[in-house]
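J.: Show me the folded form of this:
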Amino acid sequence: MTVDDTTRTVAPVRAAEELELKRDEFRLAVRMGLVRTVPNPAAVPDPRGAHRDRSPERRPVARSELDRLRAAPDFPDGLRERVRAVGAAEAAGLLSISYDRFNRLARTGHLSPVRFYLNRYRAVVWLYLAAEVTVFGEESPGLLTGRLPADVRERDAAGEDLRARNWRSRHLSLLLRGTDDPWARAAAIASLLDPVQVAEVVDDPYERTYLDRLRPSPPPGVPVAGATHETAVRLVRADDPDEILWHRMSLALALDEARAARQAPYPGERRRPAPEPSLREAAAPEAPPAAEAPGRAEPEREVGPAVRPVPGPPGRPRGGRGAPPRGRAAGARRRPGLLGRIRRALPGGATASGGWGEGRDWS
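T.: A predicted model of the protein is given here:
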């Protein structure tokens, strides 16, 4: 049996090796849509039918997608150049401007970072796409030489810094690009808000729990613990009032779409099998027999098992008290019990009617 090459998939680590990309470059290529992944076939469905899929950069890649990328005439340099991220110093070198001038342009929102990390001194290092920096230099040559415009100088003097906000906007768009599930999209928006803000928008605790389960993994550069974790978390969450308002409105609209698709499950809810019929329903009483004509002998019939209120194993009804054993005719003579044998052993015996010996003289 042969396997079609178009249905074969490759693990993300192997796909990065074949594409000659580093781990961070491969993640960025997937987020940007340059490398298409396939949903995880082993995704576990939740009780409401949604699939808790892996993050896009952890999904397998189809062999046909790798063949398409490797067949490009500029592979691998072209793909690597499109995902190459550079720091402020290298970006300033690409534009042939000073380091300070580049930072002023980035702080005023002319360039949007694509990644960040914290160095050993807990300082935030912003990274930019080299291809976007080159395009900016070609489209805005007036900002590279001479004095900066007055509005740019005023905003920079006022302490405006839009690098974190622009990164969050780009990060959210990349998260929304990687999923079609409405609840996962709502969870991506909620990940940019403080838990207090989320609780004010999502008043149902079960929905907040479900959003927390679907929360995307932290972006590259965010430490999971340590002193730098709080600094990174502040960069991930919105801090400007109008930005917070925008994400709150977006979350409310996303929740309306998610609720229309399906309701959030309760914690620990599972699909249960259909209930089995109770013993009383299984042993429903039969219809009474029709009246017999006078003088006609009633045919012998088996007495069905009586139903007691004590539940028992299915298919094994218990007989009622005094009911004859199954298979014995209703008019059959029963063997005498212990009391009957004692009576027969006494002087005078016992009659068939159960009275003491009427034919014996006790005088």
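
J.: now the residue nearest to residue 149 when sequence neighbours are not counted: how far from residue 109?
T.: Nearest residue to residue 149, sequence neighbours excluded (C-beta to C-beta, 6 or more residues apart in numbering): residue 143, at 7.7 Å. For glycine as for every other residue, the C-beta is placed from the backbone atoms N, C-alpha and C. Per C-beta to C-beta, to the nearest Å, residue 143 is found 12 Å from residue 109.

J.: rewinding a little: can you name the residues that contact the residue nearest to residue 149?
T.: 105, 110, 149, 152 (C-beta atoms under 8 Å, 6 or more residues apart in numbering).

J.: Give me the pLDDT for it.
T.: If you check residue 143, the pLDDT there is 95.

J.: Relative to residue 155, how far out is it?
T.: 13 Å.

J.: which helix in the chain runs the most residues?
T.: Secondary structure of the chain per DSSP state H: the longest helix is helix 241-261.

J.: buried set for that helix?
T.: 243, 244, 247, 248, 250, 251, 254, 255, 258 (16 or more other C-beta atoms under 10 Å).

J.: Quick one: list the elements packing against it.
T.: Judged by 3 or more C-beta pairs under 8 Å, 6 or more residues apart in numbering; DSSP states H and E, helix 241-261 is in contact with helix 182-190, helix 195-201.

J.: got the contact list for residue 193?
T.: Residue 193 sits next to 201, 237, 238, 244, 247, 248, 251 when contact means C-beta under 8 Å, 6+ apart.

J.: before we move on, what about residue 81?
T.: By C-beta under 8 Å, 6+ apart, the residues touching residue 81 are 130, 131.

J.: Report pLDDT for it.
T.: 93.

J.: What of residue 70?
T.: Per-residue pLDDT puts residue 70 at 94.

J.: what's around it, how many residues?
T.: When neighbours are counted by other C-beta atoms under 10 Å, residue 70 registers 13.

J.: buried stuff in stretch 122-136?
T.: Across stretch 122-136, burial judged by 16+ other C-beta under 10 Å covers 124, 126, 127, 128, 129, 130, 132, 133, 136.

J.: measure stretch 176-186 end to end?
T.: Across stretch 176-186, the terminal residues are separated by 9 Å (C-alpha to C-alpha, to the nearest Å).

J.: List the buried residues for the helix or strand residue 230 falls within?
T.: Element membership for residue 230 (DSSP states H and E) is helix 227-236. Buried residues in helix 227-236, counted by 16+ other C-beta under 10 Å: 228, 232, 235, 236.

J.: try stretch 78-88
T.: So, applying 16+ other C-beta under 10 Å, buried residues of stretch 78-88: 79, 80, 82, 83, 84, 85, 86, 87, 88.

J.: can you check stretch 57-73 too?
T.: Under the neighbour-count criterion of 16+ other C-beta under 10 Å, stretch 57-73 has 57, 59, 60, 61, 62, 63, 65, 66, 69 buried.

J.: and what of stretch 167-175?
T.: 167, 168, 169, 170, 171, 172, 174, 175.

J.: Show residues contacting it.
T.: With C-beta under 8 Å, 6+ apart, stretch 167-175 has contacts from 31-32, 112-116, 126, 188-189, 191-192, 216, 219, 235-236, 238, 243.

J.: Might you report the residue contacts of residue 247?
T.: Neighbours of residue 247 in contact, by C-beta under 8 Å, 6+ apart: 189, 192, 193, 197, 238.

J.: Show me which of the residues you listed is closest to residue 161.
T.: Among the contacts of residue 247, residue 238 lies closest to residue 161 (C-beta to C-beta), at 14.0 Å.

J.: how near is that closest one to residue 57?
T.: Counting by C-beta to C-beta, the gap between residue 238 and residue 57 amounts to 23 Å.

J.: Taking the contacts of residue 193 together, which two end up most distant?
T.: Every pair of those checked by C-beta to C-beta; the farthest is 201 and 237, at 14.2 Å.

J.: Looking at these two, which has the bigger crowd around it?
T.: Neighbour count, other C-beta under 10 Å: between residue 201 and residue 237, residue 201 has more, with 20 against 17.

J.: Widest-spaced pair of the buried residues of stretch 57-73?
T.: Going by C-beta to C-beta, the two entries of those that are most distant from one another are 57 and 63, at 18.0 Å.

J.: Regarding stretch 226-243, how distant is the last residue from the first?
T.: Stretch 226-243 stretches 28 Å from its first residue to its last (C-alpha to C-alpha).

J.: Please list the outside residues in contact with it.
T.: Residues outside stretch 226-243 that contact it (C-beta under 8 Å, 6+ apart) are 116, 118, 122, 124, 164-165, 167-168, 171, 191-194, 218-219, 221-223, 244, 247.
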